[in-house]
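Undergrad: What follows is a predicted structure for the sequence shown.
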Amino acid sequence: MPTHSPITPLALALAREASQVAGGADAVAMLEPPANAEFGDLATNVAMTLAKQAKRNPREIADDLVGRIGSADGLAGYVESAEVAGPGFINLTLSPRWFAEAARAIAEAGDDYGRGQADPRERILIEFVSCNPTGPPHVGHARQAAYGDGVARILEYAGHDVTREFYVNDWGRQMELFGASVAARYGQLLGLATEVPEDGYQGGYVTAIAEKLRDEVGDRYRDQLDPPDAEVLALFALRGKELMLATITEEIARFRVRFDAFFSETTLHQGGAVERGLEALIASGDAYEHEGALWFRTTSYGDEKDRVLRRSDGSTTYLAADVAYHLDKAARGDDRLLDVLGADHHGYIARLRAVIAAGGHDPDMLEVPIVQLVSLTEGGEAKRMSKRAGTLVTLGELIDDIGVDAARFFLVQRSHETAFDLDLDVARAEGNENPVYYVQYAHARIAGILAQQPEAPADAGPPAELDPAERALLLQLALWPEVVHEAERRRSPHRVAAYLMDLARDFHAFYHRCRVVGEAPEVVAFRLDLLRATRSVIATGLGLIGVEAPDRM
RNA sequence: GCGCCCGUAGCUCAGUUGGAUAGAGCACCCGACUUCUAAUCGGACGGUCGCAGGUUCGAAUCCUGCCGGGCGCGCCA
């Protein structure tokens, strides 16, 4: 099954010929559709890149090369005409035979077209979202979820062995505060005057959890709340966390995001891993005592200042647990660790690299893609979001508002490294102004045609002539393998979303100019291959960003 | 002040081994349904690619400086 682009064999043949023209010099022929379709189907600048080492005029090289194309193996029969243009570009027009064979090959490869290009194939552990179990995931987490899951799917598609993990920060003062907040709401439900701590969690979801707890335990703890009993608070913290986590996993699953594991920070403390991590750092000279605290010498690894691991009061910091966690991850045998973090954590990268390096691993095994902020706009104005005021939009609310497909498409449409505004009015629209439907509609239209004309006539050769829209659509399909490859290398699902928009546009244009049902046999055969190929690439691409590809709309 | 990200059409943004006349969506305007889905298509409008230098056949892309915006800089997590 071919997973490569139908352009690849042409590029290889062209490079071979170019190398011979240039006296054996190494040649890599970049061969791609030109900016302007009037120049032809494909263009290459190989003559210009060879000009320097061959010490010849690029146009001269191009002329020689063009002279050989008509008889060159792998090019003859596929290239209809070749012209030299500008400073030394070579513009190629391809034959209907090439288009017909390419469409057939892509259609037959189906879901495998573009798959498995990772080189080398790696075992990759990707950690993302990892929001605290003290509240529901919000829009920022939604972007990280859409991004992380998209990256994971793309990595898997490329042939990597991927594990997805969610780190649960279920330890420390925040959990105590959370437990106290739940307990207070629970008390209120029983008619007590218990109050949520000043710096506690005020959101309405805390009350919802308290209600669930009341349903579970009734008024059993009523008399131990005022003043609060330590053991009861611990119990509320634990059960509250479990209920919160259940909500989080529920919303994440609804968002079509999958995790293989939820890793609890508490297990690191209780199992002694945190202490062992600190001892290892001390033993290797990476940690030292200063003013009663234990410091991690992260400056040795490029951080701007050293960081505290254990406070002078004896308690460990968040970093201490992260040391244990990352030493654990680094020792699992993965080739690469991906930590997807929000923009507000970018200062943490140096520390994490230090952990990996201090553990004796190559710090380059750790990659930390930073997902920039997303803000919501509605009615042309920024939607104010405040955790304190409880006006934060949660993942669940976003899904209820605009739907999973629109949310996932919009959140990965832009590069993760740029902050952007999500326009709720556009995302919510079920009409033509919503880009996600534009792509899905292309898929549904193809399904409609294929339902009417499922079988191609036998023994049909290539059509005599091609419509410009047919050429454009197939050439767009030919770019898919390079697009996924780039999305994999750059950890950039937005490349897939952008490509799907381009592909859908070429399809809709094709649809308007070219009919399928009732045309001449060789035309039907070619266009059916084209449709199957297009449907397959759209479905695969949408699948990689977690969006459904409906057959009817 | 230092670090990361960003500055491209009215708005939101694509554009990464440097390539020909810089693109899309939204908004606005003009056209196209007796046909396989008009959630569509065709056309028009819209640009000092933040500014100034540099590198070269060629720069939105690479380098330097400056201006502007977001985020971060804790013995918080």
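TA: Received it, and whenever you're ready, just let me know what you need. This is a predicted model, so every value here is computed, not measured. Numbers count the residues shown, from 1 in each chain, chains lettered A, B, ... in the order given.
Undergrad: near RNA strand B, which residues of the stretch 151-300 of chain A show up?
TA: A:169, A:171-174, A:290-293 (Cβ under 7 Å from any atom of the strand). Placement of C-beta: from N, CA and C, glycine included.
Undergrad: Make a ChimeraX selection of the buried ones in those residues.
TA: ChimeraX command restricting those to the buried ones, with burial defined by 16 or more other Cβ atoms under 10 Å:
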select /A:169,171,172,174
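Undergrad: Which of the residues of the stretch 151-300 of chain A next to RNA strand B fall in helices?
TA: If you go by DSSP state H, these have A:173-174 in helices.
Undergrad: Switch the residues of the stretch 151-300 of chain A next to RNA strand B over to JSON lines; also include distance to residue A:113 and pLDDT.
TA: JSON lines is the format used below for those (distance: Cβ to Cβ, whole Å; pLDDT from 0 to 100):
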{"residue": "A:169", "distance to residue A:113": "41", "pLDDT": "95"}
{"residue": "A:171", "distance to residue A:113": "47", "pLDDT": "93"}
{"residue": "A:172", "distance to residue A:113": "49", "pLDDT": "90"}
{"residue": "A:173", "distance to residue A:113": "52", "pLDDT": "90"}
{"residue": "A:174", "distance to residue A:113": "47", "pLDDT": "91"}
{"residue": "A:290", "distance to residue A:113": "59", "pLDDT": "93"}
{"residue": "A:291", "distance to residue A:113": "61", "pLDDT": "92"}
{"residue": "A:292", "distance to residue A:113": "62", "pLDDT": "94"}
{"residue": "A:293", "distance to residue A:113": "57", "pLDDT": "95"}
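Undergrad: which regions of the stretch 1-150 of chain A lie under the pLDDT threshold?
TA: A:1-2, A:52-53 (pLDDT under 70).
Undergrad: Ok, chain A next?
TA: A:1-2, A:52-53, A:385-391.
Undergrad: that older thread, among the residues of the stretch 151-300 of chain A next to RNA strand B, which one sits closest to residue A:122?
TA: For these, the residue nearest residue A:122 by Cβ to Cβ is residue A:169; the value is 27.3 Å.
Undergrad: Tell me if I'm right that the closest one and residue A:132 touch.
TA: Yes - counting by Cβ atoms under 8 Å, residue A:132 is a contact partner of residue A:169 at 4.9 Å.
Undergrad: gap between residue A:72 and residue A:64?
TA: 12 Å (Cβ to Cβ, to the nearest Å).
Undergrad: before we move on, what about residue A:92?
TA: Residue A:92 is 15 Å from residue A:64, by Cβ to Cβ.
Undergrad: quick one, domains of chain A?
TA: A:7-94, A:123-169+A:258-371, A:173-254, A:435-544 (automatic domain parsing).
Undergrad: In JSON lines: those domains, plus distance to residue A:395.
TA: JSON lines is the format used below for the domains of chain A (distance: least, Cβ to Cβ, whole Å):
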{"stretch": "domain A:7-94", "distance to residue A:395": "39"}
{"stretch": "domain A:123-169+A:258-371", "distance to residue A:395": "4"}
{"stretch": "domain A:173-254", "distance to residue A:395": "5"}
{"stretch": "domain A:435-544", "distance to residue A:395": "17"}
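Undergrad: Comparing residue A:92 and residue A:64, which shows the higher neighbour count?
TA: residue A:92 (24 against 17; other Cβ atoms under 10 Å).
Undergrad: mind checking the backbone torsions on residue A:164?
TA: phi -110, psi 130 (degrees, to the nearest 10).
Undergrad: From what I see, it and residue A:263 are in contact.
TA: No - the pair residue A:164 / residue A:263 is not scored as a contact, 11.0 Å apart, by Cβ under 8 Å.
Undergrad: Who has more neighbours out of these two?
TA: residue A:164 (23 against 17).
Undergrad: Quickly list what the more buried one is bridged to.
TA: residue A:126 (DSSP bridges).
Undergrad: In which helix or strand does the closest residue to residue A:535 other than its chain neighbours reside?
TA: Leaving aside its chain neighbours, residue A:535 sits nearest to residue A:446 (4.3 Å; criterion: Cβ to Cβ, 6 or more residues apart in numbering). Assessed by DSSP states H and E, residue A:446 sits inside helix A:435-452.
Undergrad: buried stuff in that helix?
TA: Buried, per 16+ other Cβ under 10 Å, within helix A:435-452: A:435-447, A:449-450.
Undergrad: Only C-alpha atoms, please: export the helix or strand just after it in PDB.
TA: Next in sequence after helix A:435-452, counting helices and strands by DSSP H and E, comes helix A:468-478. The C-alpha trace of helix A:468-478 is given here as PDB (Å, rounded to 0.1, in the frame of the first residue of the first chain):
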ATOM      1  CA  PRO A 468      -8.800  22.500 -14.000                       C
ATOM      2  CA  ALA A 469     -10.900  21.600 -10.900                       C
ATOM      3  CA  GLU A 470     -10.000  18.000 -11.200                       C
ATOM      4  CA  ARG A 471      -6.300  18.800 -11.500                       C
ATOM      5  CA  ALA A 472      -6.500  21.100  -8.500                       C
ATOM      6  CA  LEU A 473      -8.300  18.600  -6.300                       C
ATOM      7  CA  LEU A 474      -5.900  15.800  -7.100                       C
ATOM      8  CA  LEU A 475      -2.800  18.000  -6.600                       C
ATOM      9  CA  GLN A 476      -4.300  19.000  -3.200                       C
ATOM     10  CA  LEU A 477      -4.700  15.400  -2.300                       C
ATOM     11  CA  ALA A 478      -1.100  14.800  -3.300                       C
END
